[in-house]
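S.K.: Take this sequence and fold it.
(2 chains)
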There are 2 protein chains.
Amino acid sequence: MFQTVTKTLLVSSSSLVYRSICQSLRHYCNQSSTKLRVSEALAGAELGKNVRVQGWVRSVRPQKKNIFLHVNDGSSLQSLQVVGGAELSDPLLTFGSAVEVTGTLRKSPHPQQPVELGADQIHVVGECNSVDFPFKIKERHSLEYIRQLPHLRCRTNVFSSLLRVRSEATTAVHSYFKSNGFLQIHTPTITSNDCEGAGELFQVEPSGPDFEEEVNFFSVPAFLTVSGQLHLEVMSGSFSRVYTFGPTFRAENSQSRRHLAEFFMVEAEISFTQSLEDLTKVMEGMFRSTTEHVLAHCADDVGLFHKHVTPGHRDRVDAMLKQSFPVITYSEAIDILNRSSENFTFPTDWGCDLKTEHEKYLVKHCGDVPVFITDYPYDLKPFYARDNQDQPKHTAAAVDLLVPGVGELCGGSLREERLSLLKARLEE
Amino acid sequence: MFQTVTKTLLVSSSSLVYRSICQSLRHYCNQSSTKLRVSEALAGAELGKNVRVQGWVRSVRPQKKNIFLHVNDGSSLQSLQVVGGAELSDPLLTFGSAVEVTGTLRKSPHPQQPVELGADQIHVVGECNSVDFPFKIKERHSLEYIRQLPHLRCRTNVFSSLLRVRSEATTAVHSYFKSNGFLQIHTPTITSNDCEGAGELFQVEPSGPDFEEEVNFFSVPAFLTVSGQLHLEVMSGSFSRVYTFGPTFRAENSQSRRHLAEFFMVEAEISFTQSLEDLTKVMEGMFRSTTEHVLAHCADDVGLFHKHVTPGHRDRVDAMLKQSFPVITYSEAIDILNRSSENFTFPTDWGCDLKTEHEKYLVKHCGDVPVFITDYPYDLKPFYARDNQDQPKHTAAAVDLLVPGVGELCGGSLREERLSLLKARLEE
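M.R.: Now for the predicted structure:
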């Protein structure tokens, strides 16, 4: 619907391309007061001073002498209470409208909120017809209903919380890898590599009449990446720690919650690894630091989920973070499953793949904390996983991290570096 | 070629998927000494202590009594000098081989290097046949030659420097937006939005025989994103500052340095903007903070480029950072071009698009620093750019940042929020 003309240009040394497009001019009070985000105001910045806050109205209560507003700008789950004289009332001041308020930030007399904004001016910047607006004040809408309104759903608490958590989790992942000496690599999205076997790939071709169908745009057939692993492996021949974190694609024709056509994935490669412990340390470290960062930086948002979406999950997460993550071998896991009194639908013989029911049992058995399973049957793992050369139960040096409520969260393996073994396995 | 079995799972609250795959076990000295990266060793961490360093050999000098190595692990452009007794010599110790060295980190007697590693043990972890190895010791290979070796090119200084700079520049971009209150949004890569007009798009369809050609996998035709703008605009209806930074795609059949099929782009949307200054502040802030971060964190890497690839560029960059970026209107720019004695190939009448030759002249005219050009002719800008309602020279509130040696680096506009004007322009 929208058409723009843009040019894209390379920054000389960094290969990054910047483009910044920003939006919306309206008529504002022309004030020299300090502009604050709602989160800054709630944290008590500029207390006692003249400030300016912009956002969307979450509630309006006009009274005889005063008008009360709640204003939210997406910087926090909490809204800022605005109190103004009745003369500031305006019929355009409705639920959903965009406003700019100037006034004095002061301590609130109410114990539930730390501060309030005593308004000198309230300016309606964008109107909202509350009859047409699909969300109603003080109503909790179902996720199914919200899902139908992709252009407005980030106005709901549950979606805005999710987006704030996702943004912080992303920051935490980058920060974990950076502080542990990993170099970030932007592995290509369009690639002719197939890392996972055909059938699940999306193919990429230019659309439009300018291109002949017979000729491949990139000389070879091109696909969306299913994994940056092969690119990272190349990089790990000169950088001892590398990672990538970006969109990944699978053309799986599945409508489950666990299979998405496009999803974000972290992948890391470590050179000079000596044992699976080198890998489990990174997995555990990433899990802990990301979880702790999100709990610390999005306490309200996480609280909303633990209250309405996943009750009881907060205690579970706290318990996980207090304990160290047990490490058991696949063979021990099979023993645990065989000794249990549970009736499993799928077999639990040595050599079987672990199914969701098995993973759930193992996690519970270990105290409802994340569990590493190591040394899987050689035949279950890809050919490049390092052969443990044991017998009679032949295993490979691979590890999965199982997490309560999720299942397998991370997987990894030591790579087979012995050329003769690799060749022999390829010939099999 | 490689096939792996992986599962991808959702982290309950954050929608991120983690996967960590790590690599390579070989035989190492089993030591309890502290493992250091080369950059840490060069910075003098653990001086006087027993340490362990792993990396790739950049030079070998066996002498009568001693052997000298330079070891690099990708953490720095500089290599670590290793000094060992002649008894540590090994025919496998060649240029390109992977080694683990243990010994004492001590001050170097040579003024050029701060430290050296007095080796107790040198273990060849991975051999390298220096006859077959396509890079030769002490030889500077051309970029054209290096380009043919994508699996090894990160072993060269120029590529490893580039990757370190890119990683730090990425960190700096995220850090700039985060510290300025922007929420990071992962806008979708696969989308049915077309933001730029047809013809330049890549279309996406599953490959493989499981899918019928007549039926679209996503119900509608799906393309690779050319811009996250429309998604961000939706988000900016509830978050006052959002940005996205990820891969973007254009199916432009061009072999120039300025058009790539896949490139990284930063896009930001600011709600409640009052003037173009709100946008130029962000553009200038991002440019300065990213450049300063890279200069501070990758001094050696940038130095390599300024020495061998873009001589003289360092002084230019320093000069840019010292001055404020001038802002001139398009009309003023046209006046400057018309008053100049330059013979331009393309016309410079009011209403013309600025070409590269014009951009170069303007940047030079303003003192070889980045220049903002504002208020472009209304007819040159997309319909959603805000009408300045001026005459006779009808302009829109749009801005470009021109940068020496690059040209247009960023572009942006205030968005037209007046429904009647938008409708009228659509009808035109």
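
S.K.: and the helix or strand containing residue A:169, does that touch chain B?
M.R.: Secondary structure here is read from DSSP states H and E; on that basis residue A:169 sits in helix A:157-179. Yes. In this structure, helix A:157-179 sits against chain B according to Cβ under 8 Å from any Cβ of the partner chain; the contacting residues are A:160, A:162-167, A:169-171, A:173-174, A:178. Just so you know, the C-beta spots here come from the backbone N, C-alpha and C atoms, and that holds for glycine as well.

S.K.: Same question for stretch A:390-404.
M.R.: Yes. Stretch A:390-404 reaches chain B (Cβ under 8 Å from any Cβ) through residue A:397.

S.K.: Secondary structure class of the closest residue to chain B within the stretch 251-400 of chain A, three-state.
M.R.: Scanning the stretch 251-400 of chain A for the residue nearest chain B gives residue A:251, at 3.6 Å (criterion: Cβ to the nearest Cβ). In three-state terms, and counting by DSSP: H, G, I helix; E, B strand; the rest coil, residue A:251 is coil.

S.K.: cool, residue A:204 as well?
M.R.: Assigned state for residue A:204: strand (three-state reduction, three-state DSSP).

S.K.: ok, now which ones touch it?
M.R.: With contact taken as Cβ atoms under 8 Å, 6 or more residues apart in numbering or on different chains, residue A:204 is in contact with A:190, A:222-224, B:202-204, B:224.

S.K.: That one pairs with what?
M.R.: Residues found in beta-bridge contact with residue A:204 (criterion: DSSP bridges) are residue A:222, residue B:204.

S.K.: re earlier: can I get the contacts of residue A:204 in a markdown table including distance to residue A:295?
M.R.: Output for the contacts of residue A:204, formatted as a markdown table (distance: Cβ to Cβ, whole Å):
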| residue | distance to residue A:295 |
| --- | --- |
| A:190 | 37 |
| A:222 | 41 |
| A:223 | 38 |
| A:224 | 33 |
| B:202 | 39 |
| B:203 | 42 |
| B:204 | 37 |
| B:224 | 35 |
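
S.K.: Tabulate the residues you listed in JSON lines, adding columns for pLDDT.
M.R.: Supplementary listing: the contacts of residue A:204 in JSON lines, determined by pLDDT from 0 to 100:
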{"residue": "A:190", "pLDDT": "94"}
{"residue": "A:222", "pLDDT": "91"}
{"residue": "A:223", "pLDDT": "92"}
{"residue": "A:224", "pLDDT": "94"}
{"residue": "B:202", "pLDDT": "91"}
{"residue": "B:203", "pLDDT": "90"}
{"residue": "B:204", "pLDDT": "91"}
{"residue": "B:224", "pLDDT": "94"}
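
S.K.: Please pick the buried ones from the residues you listed.
M.R.: With neighbours counted by 16 or more other Cβ atoms under 10 Å in any protein chain shown, those contain buried members at A:190, A:222-224, B:202-204, B:224.

S.K.: residues near residue A:168, how many?
M.R.: Other residues near residue A:168 number 23, with proximity taken as other Cβ atoms under 10 Å in any protein chain shown.

S.K.: How about it: what's its closest non-neighbour residue?
M.R.: Counting by Cβ to Cβ, 6 or more residues apart in numbering or on different chains, residue A:168 lies nearest to residue A:297, which is 4.7 Å off, once chain neighbours are set aside.

S.K.: How much space separates the one you found from residue A:174?
M.R.: The gap separating residue A:297 from residue A:174 is 14 Å, by Cβ to Cβ, to the nearest Å.

S.K.: Show me which of the contacts of residue A:204 is closest to residue A:56.
M.R.: Using Cβ to Cβ, residue B:224 is the member of the contacts of residue A:204 that sits closest to residue A:56, with 32.3 Å.

S.K.: got the contact list for the closest one?
M.R.: Each residue near residue B:224 by Cβ under 8 Å, 6+ apart is listed here: A:189-190, A:204, B:189-191, B:201-202, B:204, B:249.

S.K.: Out of those, which is nearest to residue B:54?
M.R.: Sorting the contacts of residue B:224 by distance to residue B:54 puts residue A:189 at the head of the list, at 31.2 Å, by Cβ to Cβ.

S.K.: So residue A:338 lies in a helix, does it not?
M.R.: Yes. Residue A:338 forms part of a helix when assessed by three-state DSSP.

S.K.: surely it meets residue A:348?
M.R.: Yes. With contact defined as Cβ atoms under 8 Å, residue A:338 counts as touching residue A:348 (5.6 Å).

S.K.: Which one of these two is surrounded by more residues?
M.R.: When residue A:338 is set against residue A:348 and neighbours are counted by other Cβ under 10 Å, the residue ahead is residue A:348, at 19 against 11.

S.K.: ok, the more buried one touching residue A:335?
M.R.: No. Between residue A:348 and residue A:335 no contact is recorded; they are 9.5 Å apart, counting by Cβ under 8 Å.

S.K.: So residue A:227 versus chain B, what's the distance?
M.R.: The span separating residue A:227 from chain B equals 7 Å under the rule Cβ to the nearest Cβ, to the nearest Å.
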